[in-house]
Each structure stands twice: as C-alpha cells, then as structure tokens.
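A.B. asks: My questions concern the predicted model and sequence given below.
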Amino acid sequence: MNCPTCQSTVLGSSPDGTLLCRACGFRFAKNLPSGPGEARQAVETTSGPRGDAGEPDGPPEIAGHQILQRLGKRGVSEVYLALQENLQRKVVLKVLAHDVSGDQDLVDRFDSAIHAAAQFEHPSIVWILSRGRTVDGRLYFSMEHVDGQSLRTAVDESLFDVPERIRIVLEVVETLAQAHSRGFFHGDLRPENVLVKKISTKLQVKILDFVLAAVLREFEGRFRHRRGGSLLGEPHYRAPEQRWNVLLVSPQTEVYSLGIVFYELLVGSTPAGLARPPGQLNPEVPAAVDRVIAR
C-alpha cells in the first residue's frame, strides 16, 4: 500500500491496524483508498522524518472555500484539498500552525516569500493562487491542484523508463536555470517536491513550494528551537556546506540537491560514501549521464 502523502510503499501494520510510513512519518488507516491521483486522508501524523509541529489545529474555515479532504501534515503546515466555490475548481490549501501565524516576524517573512513566489511564473511550477487567514487567524495559501505522481513514487514504484527520467530532470534543470537567473531559489529540492503527470507520451513536470520551501523550513526550525527540538530536513539532499547552515541556499546547493535526486531516480537509492556511477548499477544509464552526475 502507498502512503497517502508521499506515495512511498508501506509494509506491515501496527497492532491498532494503522500503517506507518517510514519515509515521511504519516500514520493512516489501512482501508483508505490508494489509487493514483486520489485525495487521501491521514488519520494521524507522527514525529517521523518530516516532524510534527504540535497537535493538528483542526479543519480551517476559509471564506469562499469548501474543505473536501485533509491530505496530511508536513512540518508547520497542514494540507487540505478544497473547492474554490466561486470558480468551482479544486485547489490545495496549506494552513500554517497558530504558533507560526502569531509571530509577526514570521508573518512578514511569509508575505515576502508569497509575493516573490507570485512574481515567478513558469509552466513547471505549482502556482500560488492566493493567501490570507482562516476564520481563527491561521495563515494559509492556496495552490493549483495537480493530479500527478511525485518522483518519490517514481522511485518506489519504478515508474517511467530511464529516458523519461532524464527528460524529467532536464525539465527541472531548465526551470531552475530560469529561476536562478531571476534570483529565485527553491530551497528544498527532493523527490517529494517534484510532481509528474504523463499525458499520452508527454510528461508534465510541476515543482512544489517554489521559493516558499526555504521559508517554510525556516519556520519549522524556529518552531522546533522554541520547543527544544532540532531543525528537520532531508540530509541526503543537502550540499556539504549546508551541514553547518541548513538555511543556506544558492545555485550551487540546488544543483547539488538535484544531482542527488537524479542519482536516486536512476538507481533507486541516494549515493553513500564513495558512490559508484549510476551506469555501474543500472546498465540503461548512458555514460554521458554518469559524467554529468559526477560533476
């Protein structure tokens, strides 16, 4: 069965009949639907690799939106599928925790990031549609709803052949190049943040949380520091210089992160130690790709 949040394969179950995803920390009911593209509701979030910013604040009330499904929780935000009533279209809402929403410094950072994200329009990023506050005062932003699979699913379920995976990464590279040329950065590149939808023979790539990822990670870091915790993240995808400053983001760190994602796409795991070239582990990988990743 697949995790309803990150689509990783989940094996085994707890004594209470629920399933725990070791990749992202979600605990969910065994009988939830798991078909591709379906909205699925997590019944509990545990303190796994993505962390937990306290107990859920409950479903939000947002003017003009009908909440359809709770998709899960990640860091300091809860994620919902909703219907934008005036246009009758589905959108995804990220609702920040009360702890974050009441800190004016964080609110200012959030607003700056939202405005920056809105300035960078590209067909390969998930667009930010609006921002505001829920009835009980929590910050939120809405995004377009993308019915696609994450690269995490592609790795776990061996979706797409090698040429298709190369095309996906090239699309991400092109998007990053345009973003960096305008001073925009993603801040948290990893398989979970890249969605792919296959339409006939074409691949549509969409990158989640562009520009906002680094700010959301900073929010989580401050939140956990207040509670005596540590900043979470995905260390496999961090550049060496980010080990001392996880909030450092540059074109170099993003290229490094994408290289790790590319390697994992080709061989099924992230490199460790003196990693072997992908072509030695997967004979379908061209030698030219080995040389690119080695750089």
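C.D. replies: Arrived safely.

A.B. asks: in terms of contact, does L176 touch L258 like I think?
C.D. replies: Yes: using C-beta atoms under 8 Å, L176 makes contact with L258 at a distance of 6.9 Å. Where C-beta positions appear, they are placed from N, C-alpha and C, glycine not excepted.

A.B. asks: Shouldn't Y140 be within a helix?
C.D. replies: No: per DSSP: H, G, I helix; E, B strand; the rest coil, Y140 lies outside any helix segment and is strand.

A.B. asks: neighbours around it, how many?
C.D. replies: By other C-beta atoms under 10 Å, 21 other residues sit near Y140.

A.B. asks: And the one 5 residues further on, by the same measure?
C.D. replies: Neighbourhood size, H145 [other C-beta under 10 Å]: 18.

A.B. asks: Can you tell me how far it is from D290?
C.D. replies: Between H145 and D290 the distance is 37 Å, computed by C-beta to C-beta, to the nearest Å.

A.B. asks: now do G273
C.D. replies: As judged by C-beta to C-beta, G273 and D290 stand 17 Å apart.

A.B. asks: quick one, which of these two is more surrounded?
C.D. replies: Using other C-beta under 10 Å, the more surrounded residue of G273 and D290 is D290, with 15 against 5.

A.B. asks: The more buried one - that's part of a strand, no?
C.D. replies: No: looking at D290 with three-state DSSP, it is helix, so not inside a strand.

A.B. asks: wouldn't it be in contact with A275 here?
C.D. replies: No: with contact taken as C-beta under 8 Å, D290 and A275 are classed as non-touching, separated by 11.2 Å.

A.B. asks: hmm, who's touching the biggest helix by length in the chain?
C.D. replies: Determined from DSSP state H, the single longest helix within the chain is helix 162-181. Helix 162-181 is touched from outside by 120, 122, 124-125, 151, 154, 160, 185-186, 189, 194, 196, 203, 205, 207, 210, 251, 254-255, 258, 261-262, 265-266, 282, 284-285, 289, with contacts defined as C-beta atoms under 8 Å, 6 or more residues apart in numbering.

A.B. asks: Same check on stretch 129-141?
C.D. replies: Outside stretch 129-141, the residues touching it (C-beta under 8 Å, 6+ apart) are 57, 60-63, 84, 91, 93-98, 100-102, 107, 110-111, 114, 128, 142-144, 212.

A.B. asks: please redo it, this time with the cut-off set to 7 Å
C.D. replies: Identification of contacts with stretch 129-141 by C-beta atoms under 7 Å, 6 or more residues apart in numbering yields 57, 60-62, 91, 93-96, 98, 100-101, 107, 110, 114, 128, 142-144.

A.B. asks: Check which residues of stretch 175-187 are buried.
C.D. replies: The neighbour-count check on stretch 175-187 (16 or more other C-beta atoms under 10 Å) flags 175-176, 179, 184-187 as buried.

A.B. asks: how far does that stretch stretch from start to finish?
C.D. replies: 14 Å (C-alpha to C-alpha, to the nearest Å).

A.B. asks: Off-centre distance for it?
C.D. replies: With C-alpha atoms, centre = their mean, to the nearest Å as the basis, stretch 175-187 stands 17 Å off its chain's centre.
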